[in-house]
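Student: Task: produce atomic coordinates for the following.
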Amino acid sequence: MSSRGTRGRVARIAVVGVHGHGASHVRRVHELAARGEAELTAVVDPREPDPGAPGESRARWFASLGDLLSQGELPDVVVLSTPIHTHLPLAQAAMEAGIDVLLEKPTAASLAEHEALVGVAERTGRRCQVGFQTFGSHALAAVSRMIERGEVGQVTGIGAVGAWVRTASYWSRSAWAGRRHLDGHDVVDGVVTNPLAHAVATALRIGGARRAADVAYVDTDLWRANPIEADDTSSVRVVAANGTRFGFGLTLCADERTPSRVIVYGTEGTITLEYEFDRVLLRTGAVTAEKEYGRTSLLEDLLAVRRTGGQLLCDVAETGAFMRVLETVRTGPEPRAIVSGDGTHDTAVPDGVMEWRGEGGDRRPVIHDVERWCERVAATQKTFTELGAPWTVRP
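Tutor: Now for the predicted structure:
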């Protein structure tokens, strides 16, 4: 693989999509620039950034990636923080121009697009790191070592619990938010594939499922309490090719947000990874231990691999297992409506299952006791419907 431009000067970086989450990437590049490790040379967005934004006055603004690529001096790395359905064409254009890519998750809008992206990386010899930030956590290796040492006995299953809160303003933030399709393109912006995609990808990684072939099959049970196309409360069961069973209970309609966690269930105890905080809790009959770990930035990892070679922490090819889950969500049945009784949807569920809180942009549905049901999904690797969650039972 070429090491064009990796020695003798700092890496030139362009960030594509600088409003919203993309602003955090801009800040990260500025931090690296302060240490003499990178330079923000360009920002790309249809909407021109605020000229007063720190550091951006020294970076050239382009309305599109095509505009950037058509000028003379190209960056070494492009960070793509753009809508899901744009990931393949933008990443492909950058790699074909000889540029390495940090691509925000999820990798692409379909398994076919993921495979095409892997093909582009192999053909061009460029690096494509995908932004599953948890893959930079040193806690993942620690959990793997615990499993290998048999600290919780034989693994009986791996689960993930995500209980988050999202309001109406979240779903109105962009044209593609909460959509399955937009203008003829797959978007797949639901709880499984975007907000809590880290829970799914991290659990699969811990269980040894990295590539698409590592997944035997996927069962989904998708629901929506919000008036959106995509799912906001879902359960997923995955069985890996090696027989490992995974259960994912995920919602954006919790009473309050709690730490997302991946749980390894064993015959002699559990290992819980609160991946947002890189915190690991080991519980067995004899031991209760907790430790927090450090984390390597995926952008720093990409720059280090450019300088010295080696394997990326989240190479695009190793997101195939997650993409098998996304593909099942994309091609499966439309999410079923959880009904509030206030006329939001057409049918009814038993009283007391759900309520609406807040007004205007703060309005949101709350599914009562939903976190406990997510925990049951994780522990049993059964779906909400199989477990008889109250919103799945029609009167």
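Student: Could you double-check that Ala109 lies in contact with Gly190?
Tutor: No. Judged on Cβ atoms under 8 Å, Ala109 makes no contact with Gly190 at a distance of 12.0 Å. C-betas here are computed from N, CA, C, even on glycine.
Student: Domain map for this protein?
Tutor: 11-133, 138-284+314-392 (automatic domain parsing).
Student: who does Thr270 bridge with?
Tutor: Counting by DSSP bridges, Thr270 is bridged to Tyr265, Arg283.
Student: close enough to count as contact, it and Ile263?
Tutor: Yes. Using Cβ under 8 Å, Thr270 is in contact with Ile263, at 5.7 Å.
Student: Those two: who's more crowded?
Tutor: Ile263 (21 against 16; other Cβ atoms under 10 Å).
Student: Next, that one: phi, psi?
Tutor: Main-chain torsions, Ile263, degrees, to the nearest 10: phi -120, psi 130.
Student: mind checking pLDDT for it?
Tutor: The confidence metric pLDDT takes the value 98 at Ile263.
Student: now swap in Asp183 and tell me
Tutor: Listed pLDDT for Asp183 reads 89.
Student: what's the helix or strand for the spatially closest residue to Met95 that is not a sequence neighbour?
Tutor: What sits nearest to Met95 in space, not counting adjacent residues and going by Cβ to Cβ, 6 or more residues apart in numbering, is Arg126, at 4.0 Å. Assigned by DSSP states H and E, Arg126 falls within no helix or strand.
Student: Correct me if wrong: Arg126 contacts Ile99.
Tutor: Yes. At 6.7 Å, Arg126 counts as touching Ile99 under the criterion of Cβ under 8 Å.
Student: Show me which of these two is the more surrounded one.
Tutor: The neighbour comparison of Arg126 against Ile99 (other Cβ under 10 Å) goes to Ile99, with 25 against 22.
Student: got a pLDDT number for the residue nearest to the more buried one when sequence neighbours are not counted?
Tutor: Counting by Cβ to Cβ, 6+ apart, Ile99 lies nearest to Val78, which is 5.1 Å off, once chain neighbours are set aside. You'll see Val78 listed with a pLDDT of 97.
Student: hang on, isn't Val78 packed against Ala14?
Tutor: Yes. Counting by Cβ under 8 Å, Ala14 is a contact partner of Val78 at 5.1 Å.
Student: Give the bridge partners for the nearest residue to Asp67 once chain neighbours are set aside, please.
Tutor: Excluding the flanking residues, the one nearest Asp67 by Cβ to Cβ, 6+ apart is Val44, at 7.6 Å. Counting by DSSP bridges, Val44 is bridged to Val16, Phe62.
Student: Could you count how many residues lie near Gln71?
Tutor: 10.
Student: Please read the previous query as pertaining to Glu122.
Tutor: Neighbour count for Glu122, taken as other Cβ under 10 Å: 12.
Student: quick one on the thing from earlier: now the residue nearest to Ile99, what are its backbone angles?
Tutor: For Val78, the backbone dihedrals are phi -120, psi 130 (criterion: degrees, to the nearest 10).
Student: quick revisit: who touches the residue nearest to Asp67 in this structure?
Tutor: Applying Cβ atoms under 8 Å, 6 or more residues apart in numbering to Val44 gives the contacts Ala14, Val15, Val16, Gly17, Val18, Trp61, Phe62, Ala63, Ser64, Leu65, Asp67, Leu68.
Student: Let me know how buried the second one is, in neighbour terms.
Tutor: As a burial measure, Val15 scores 29 neighbours (other Cβ under 10 Å).
Student: Same question for the third one.
Tutor: Neighbour count for Val16, taken as other Cβ under 10 Å: 27.
Student: low-scoring stretches of the stretch 251-395 of the chain, by residue?
Tutor: The stretch 251-395 of the chain contains residues with pLDDT under 70 at 340-349, 395.
Student: Same check on the stretch 1-150 of the chain?
Tutor: 1-8, 51-57.
Student: show me where it has strands.
Tutor: Listed in chain order, the strands of the stretch 1-150 of the chain (DSSP state E, counting those that start in this stretch) span 11-16, 38-44, 60-62, 77-80, 100-103, 128-130.
Student: count of neighbours near Val218?
Tutor: 19.
Student: is it true that it lies in a strand?
Tutor: Yes. Under DSSP: H, G, I helix; E, B strand; the rest coil, Val218 sits within a strand.
Student: tell me the contacts of it?
Tutor: Val218 neighbours (Cβ under 8 Å, 6+ apart): Val236, Arg237, Val238, Val239, Arg324, Val325, Thr328.
Student: go on, Val191?
Tutor: Contact analysis of Val191 by Cβ under 8 Å, 6+ apart lists Gly162, Trp164, Ala230, Asp231, Asp232, Thr233, Ser234, Leu250, Thr251, Leu252.
Student: Surely it is within a helix?
Tutor: No. Judged by three-state DSSP, Val191 forms no part of a helix; its state is coil.
Student: tell me the pLDDT at it?
Tutor: We have a pLDDT of 98 for Val191.
Student: which residues in the stretch 201-350 of the chain form helices?
Tutor: In the stretch 201-350 of the chain, the helices defined using DSSP state H, counting those that start in this stretch lie at 298-308, 320-331.
Student: Redo these as CSV? Include mean neighbour count.
Tutor: Output for the helices of the stretch 201-350 of the chain, formatted as CSV (neighbours: other Cβ atoms under 10 Å):
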stretch, mean neighbour count
helix 298-308, 19
helix 320-331, 23
